[in-house]
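[1] Structure for this input, please:
(one chain, ligands or ions: 2)
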Amino acid sequence: MKKILRSVLVLLISIGVTSISFAGEGMWLPLFLKSLNEAEMQEMGMRMTAEDVYSVNKGSLKDAIVHFGGFCTGEIISDQGLLLTNHHCGYSQVQSHTTLENNYIKDGFWAASHKHELQNPGLFAKFIVRIDDVSKQALKGVSDKMTEKERQSTIDKNLATIKKAAKLDKFQELEIKPFFKGNQYFSITTVTYNDVRLVGAPPEMIGKFGADTDNWVWPRHTGDFSLFRIYANENNEPAEYSENNVPYKPKHHLPISLDGVSPDDFTLIFGFPGRTNEYLPSDAISQIVDVLNPAKISIRDRALKIVDSAMRADPAVKIQYASKFARIANYWKKWIGESKGIKATDGIGRKEKLEADFTKKVNGNKKFKVKYGSILSDFKTQYKEIEPYALMRDYHGEVLGRNIEIMRSANYMVSLADRYKDNGEEEYNQFKDRLISRYFDGFYKNYRPEIDQKVFVALIEMYDQNAKMEMNQPIQALLSSLKTKDYNVLAKHLFENSKFTDQESMYALLGQNPKTAVTQIMADPLYQFAKEMSSAYSNNIAEKYSAINGEIEKNQRLYMKALMDVFPDKAFYPDANSTLRVTYGKVDGYTPRDAVEYTPVTYLDGIIEKHVEDDYEFHVPARLRKLYDLKDYGQYADKNGKVPVCFIGTNHTTGGNSGSPAIDAYGNLIGLNFDRAWEGTMSDYNYDSSICRNIMVDARYILFIIDKYAGARHLIDEMTLVHPKED
Ligand code: ARG
Ligand code: GLU
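    Ligands and ions are numbered 1, 2, ... in the order given. Sure thing, here's the model as predicted:
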């Protein structure tokens, strides 16, 4: 019977029926696992209970999961607080300890003992103690008649009351966040440890193997992991860094399975997904695919091409721009995949179908019709109205905020001068010192004005030609005062006459007394240009955008409520908001396009296949090639004598899930989440189990690298290795 059901389901999925919620979709709240998910999870193969995954009464998997630095996930894998996360999550820590003599990025780093582990100021690991539904108290006194402002101030007061009444233990903190577009509120009790030390990281040619070419791509061969350790005071409590601190003793640590995965195996991802938007109307999705993504992609296209050719021409530029390039390229590539995926799976058509169902139900019920009858037509008007503003907002952000490097500096100089005018000398000095140490020192180390000037010319031209609502007025004014139509002349004028493009003249300027400095800053042509561009933005775009967006958010809140009302039998999960979630699925390949079929596991053989001598993305370290030649794999090969490297599954993940553990049916670690497959990155708006796949490093590859490549056997010894499939 089950078999028949399954084939019916597969058939329905393959002919594109969308009313069933697919196994794999959803970022679920741990506290509702029992009521909403446990049965399905067990049906899919899980051998644990919901209580084993998340419990506030006894030790559970959740006690091994941390929010790593607030931007990634990490998990505890030994009884001495050893923490596993991605290489790209710990990258800036590894970089901060790297010098020319000790090049940990290039060579990797392995602490020989506890006292060699390296301190990381500012880095934290946050545990979740419990999550509670506080919707009733949070929304007390809130009514539909209120303006948004009244509503927010009522809620703010309620939240303050809840926080005051909360009974917290020493070191505990309480956060309260809106879920389901503000229809519900949950409080989250946390404990944060601030002494988190670097223990180990593979060389970049393993941890970042394939770099940007392979980013978002399956088949993948990246060993994207690094190791840290949480330290505590002698009572196992959080403490600032001290030599007297000792390794943290966790309530739970994840055993690591040596048995690996097979297709269809149950997988659970436990972590902190950052942001998704699954309940947007079709109008919003069309706007993303037809208007906003193409604009952002085209801007980054131009900028990346310029930087790429400069990097290829000069190895010194390559070093200076590698990390900036990777950051810009990451989302550029993601947006392309996202738009393709929405088209390939008819994401807009599927939303329209849902909306048609919704409308039918609403029209068939008087009460619904009064409350919810105008939601979709309101969306239509609102999205039409916001479109030019949203486009210019993205344009402005991409061109002036992210891709022309000097504009960011110029904007800081605008803030600095404002600081002086508004708050006086003392605050000016404080802000200036912080700017220099936290921004400008690093900025100039990796800055080539001649490259940035080329980017400036290309992007300002695009901006000028695509601007709406007089947003290009400052560009036009400057061109005509220079009596030219040539953007090169304009760029040359700004770059050559500004003191901002060169470290020496900038620091000389900042070294003057505040009054003189501010006078000179305000006379600088880049200051003036930045100031005019940003006032054009605030006058023409910002206010109007946020007014319409406020209406959209309000309507979206109502739509969320309506969906839950109108489809009472469907289980809903809230959009990601950097809180702890469970997603579950299974190991599974996919078909990205006609006649191409992907299997779900890659092997060390594939790394060797990809090797390109001295290539900055695909050079395989000689030591790893030697281990391969000798087949020196220890206990980390599979039954066929091959070392698995990465695998994919149907788990619904997003940015922030990096570093999340992939957990098997029994609660053991089998892998480490670090990416998604390109064709399915639209899962942030529209999950589709036919092509949405998360990418994980196989735990056995991680162990193999630690043990056989790095020789850090002492780290393996403190872990708990298990054979769940044999037992
Ligand atoms: N795509 C992954 C994520 O979104 C990895 C990014 C880091 N790697 C890179 N080549 N940029 O974060
Ligand atoms: N690499 C992403 C991260 O840093 C995870 C990939 C994704 O967006 O799913 O969180």
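[2] Now for the residue nearest the centre of the chain: which residues touch it?
    Note on the chain: the residue nearest the mean C-alpha position is residue 655, at 2.6 Å, using C-alpha atoms, centre = their mean. Shown in contact with residue 655 (C-beta atoms under 8 Å, 6 or more residues apart in numbering): 273-275. In short, each C-beta sits where N, CA and C put it, glycine included.
[3] And for residue 277?
    By C-beta under 8 Å, 6+ apart, the residues touching residue 277 are 284, 575, 684-685.
[4] As JSON lines, those residues with secondary structure and distance to residue 182 would be great.
    Below are the contacts of residue 277 laid out as JSON lines (DSSP: H, G, I helix; E, B strand; the rest coil; distance: C-beta to C-beta, whole Å):
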{"residue": "284", "secondary structure": "helix", "distance to residue 182": "17"}
{"residue": "575", "secondary structure": "coil", "distance to residue 182": "11"}
{"residue": "684", "secondary structure": "helix", "distance to residue 182": "19"}
{"residue": "685", "secondary structure": "coil", "distance to residue 182": "19"}
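[5] with these in mind, which one is nearest to ligand 2?
    For those, the closest approach to ligand 2 (C-beta to the nearest ligand atom) belongs to residue 684, at 7.8 Å.
[6] Now the closest one: closest residue in space that isn't a chain neighbour?
    Nearest non-adjacent residue to residue 684, counting by C-beta to C-beta, 6 or more residues apart in numbering: residue 276, 4.7 Å away.
[7] same question, residue 554
    Setting aside the residues directly before and after it, residue 554 is nearest to residue 148 in space (C-beta to C-beta, 6+ apart), at 6.1 Å.
[8] and stretch 352-363, average pLDDT?
    The pLDDT scores in stretch 352-363 average 98.
[9] these two touch, right, the residue nearest to residue 684 and residue 575?
    Yes: with contact defined as C-beta atoms under 8 Å, residue 276 reaches residue 575; the gap is 4.9 Å.
[10] Of these two, which one has the most company?
    residue 276 (24 against 18; other C-beta atoms under 10 Å).
[11] where's the more buried one relative to residue 519, distance?
    Noted for residue 276: a distance of 48 Å to residue 519, by C-beta to C-beta, to the nearest Å.
[12] For the chain, what lies in contact range of ligand 2?
    By C-beta under 6 Å from any ligand atom, the residues of the chain that approach ligand 2 are 653-658, 674-676.
[13] now with 8 Å?
    For the chain, the residues in contact with ligand 2 (C-beta under 8 Å from any ligand atom) are 71-72, 86, 88-89, 216, 273-274, 330, 334, 653-659, 673-676, 681, 684, 694-695.
[14] Going by residue numbers, what spans are strands in the stretch 1-150 of the chain?
    Here the stretch 1-150 of the chain has its strands, by DSSP state E, counting those that start in this stretch, at 65-68, 72-76, 82-85, 109-110, 125-133.
[15] Of all the ones you listed, which one is nearest residue 94?
    strand 109-110 (6.5 Å; C-beta to C-beta).
[16] Pull the residues that contact the closest one.
    For strand 109-110, the external contacting residues (C-beta under 8 Å, 6+ apart) are 94, 97, 102, 118, 198-201, 706, 710-712, 715.
[17] Can you redo the residues you listed as JSON lines, where the extra columns are pLDDT, distance to residue 226 and neighbour count?
    JSON lines is the format used below for the contacts of strand 109-110 (pLDDT from 0 to 100; distance: C-beta to C-beta, whole Å; neighbours: other C-beta atoms under 10 Å):
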{"residue": "94", "pLDDT": "92", "distance to residue 226": "7", "neighbour count": "22"}
{"residue": "97", "pLDDT": "91", "distance to residue 226": "12", "neighbour count": "15"}
{"residue": "102", "pLDDT": "89", "distance to residue 226": "16", "neighbour count": "11"}
{"residue": "118", "pLDDT": "97", "distance to residue 226": "12", "neighbour count": "15"}
{"residue": "198", "pLDDT": "98", "distance to residue 226": "7", "neighbour count": "23"}
{"residue": "199", "pLDDT": "98", "distance to residue 226": "8", "neighbour count": "24"}
{"residue": "200", "pLDDT": "98", "distance to residue 226": "7", "neighbour count": "24"}
{"residue": "201", "pLDDT": "98", "distance to residue 226": "4", "neighbour count": "26"}
{"residue": "706", "pLDDT": "98", "distance to residue 226": "11", "neighbour count": "23"}
{"residue": "710", "pLDDT": "98", "distance to residue 226": "12", "neighbour count": "19"}
{"residue": "711", "pLDDT": "97", "distance to residue 226": "17", "neighbour count": "9"}
{"residue": "712", "pLDDT": "98", "distance to residue 226": "12", "neighbour count": "19"}
{"residue": "715", "pLDDT": "98", "distance to residue 226": "12", "neighbour count": "20"}
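[18] Okay, and which of these map to helices?
    94, 715 (DSSP state H).
[19] between the contacts of strand 109-110, which is nearest ligand 1?
    Once C-beta to the nearest ligand atom is applied, the member of the contacts of strand 109-110 that ends up nearest ligand 1 is residue 94, at 13.5 Å.
[20] what's the distance between that closest one and residue 114?
    18 Å.
[21] The longest helix belonging to the chain and ligand 1, any residue contact?
    Ranked by residue count and defined by DSSP H, the top helix of the chain is helix 315-344. Yes: judged by C-beta under 8 Å from any ligand atom, helix 315-344 and ligand 1 are in contact via 326-327, 329-331, 333-334.
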